[in-house]
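Undergrad: have a look; sequence and predicted model below, questions after that.
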Amino acid sequence: MSNLNRLLKNNYFQITLTLTVIVAILVGFLTVIPLRVVDSGSMCLEPQGCNGWSHPFDPTLHVGDIIILQPINAQDLNTNYPNSDIIVYQKPTNPSTTPIVHRIVASYEENGTLYFQTKGDANGKHWPAPVAPSEYDSNAIWHTGEGVPQDLILGKVILRIPYLGWGTRIIRATPWVLPLIFTLIILLIITTFIIPIIKAQYKKNNLQQQNPATSTPS
């Protein structure tokens, strides 16, 4: 028990434990709550454009928004346009590209698989106007006429957080920003934790050398 108490009192161990807990919380949060950053204005219904700064709380998606997704069974999605769900899905003809965030406008079933026709609210006639088949993403983006199969749907949008996605966008567009942030974090850890520990230990050693009679055996 004494060894455990001694370990918990060790400053280096405390720093390592604190950083481990912080990383675990962040990873756990991002795993439980899937997040995405809006990069396109295809869902923007503001006449002057959705840049994330003007009309941030209007019911539309701005560039730079962070959206929170809810994983859901395809059978439970609301397909009743214009009040249908906004979903995030992988492009059927190239699933490795950036996922698309659009609204469901129709659905159908084929060979036991559900397919969803989608459209950006600002593409073609703006939401909530009726949607013509020529405006479906399947005809306007990947040109096959086939909707999004259920296995390519990542989730539905349940919340948007304005502004906060701009940090991610800046990091993506500027490669040196992320290394700079990482360097600043390391410097902060060194100046806040490491240097004070070294100074305290150095001072303790000096006092023990000056007053050997007061030093206690380890």
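TA: Looks like it came in fine.

Undergrad: number of nearby residues for the closest residue in space to Leu35 that isn't next to it in sequence?
TA: In space, and not counting its chain neighbours, Leu35 is closest to Ile66: 5.6 Å by C-beta to C-beta, 6 or more residues apart in numbering. Heads up, the C-betas are built off the backbone N, CA and C, glycines and all. Residues lying near Ile66 (other C-beta atoms under 10 Å) number 18.

Undergrad: isn't Ile66 up against Arg36?
TA: Yes - if you go by C-beta atoms under 8 Å, Ile66 and Arg36 touch, sitting 7.2 Å apart.

Undergrad: how many residues are close by Thr183?
TA: By other C-beta under 10 Å, 10 other residues sit near Thr183.

Undergrad: how close does it get to Trp176?
TA: 10 Å (C-beta to C-beta, to the nearest Å).

Undergrad: swap in Arg160?
TA: Arg160 is 29 Å from Trp176, where distance means C-beta to C-beta.

Undergrad: comparing those two, which residue is more hemmed in?
TA: Using other C-beta under 10 Å, the more surrounded residue of Arg160 and Trp176 is Arg160, with 20 against 8.

Undergrad: just the pLDDT at that one, thanks.
TA: Arg160 is assigned a pLDDT of 85 by the prediction.

Undergrad: bridging residues for the residue nearest the centre of the chain?
TA: For the chain, Leu35 is the residue whose C-alpha lies nearest the centre (C-alpha atoms, centre = their mean; 3.4 Å). Applying DSSP bridges to Leu35 gives these bridge partners: Ile68.

Undergrad: quick one: find the helix or strand in the protein with the lowest mean pLDDT.
TA: The weakest-scoring helix or strand in the chain, judged by mean pLDDT, DSSP states H and E, is helix 2-9 (a mean of 51).
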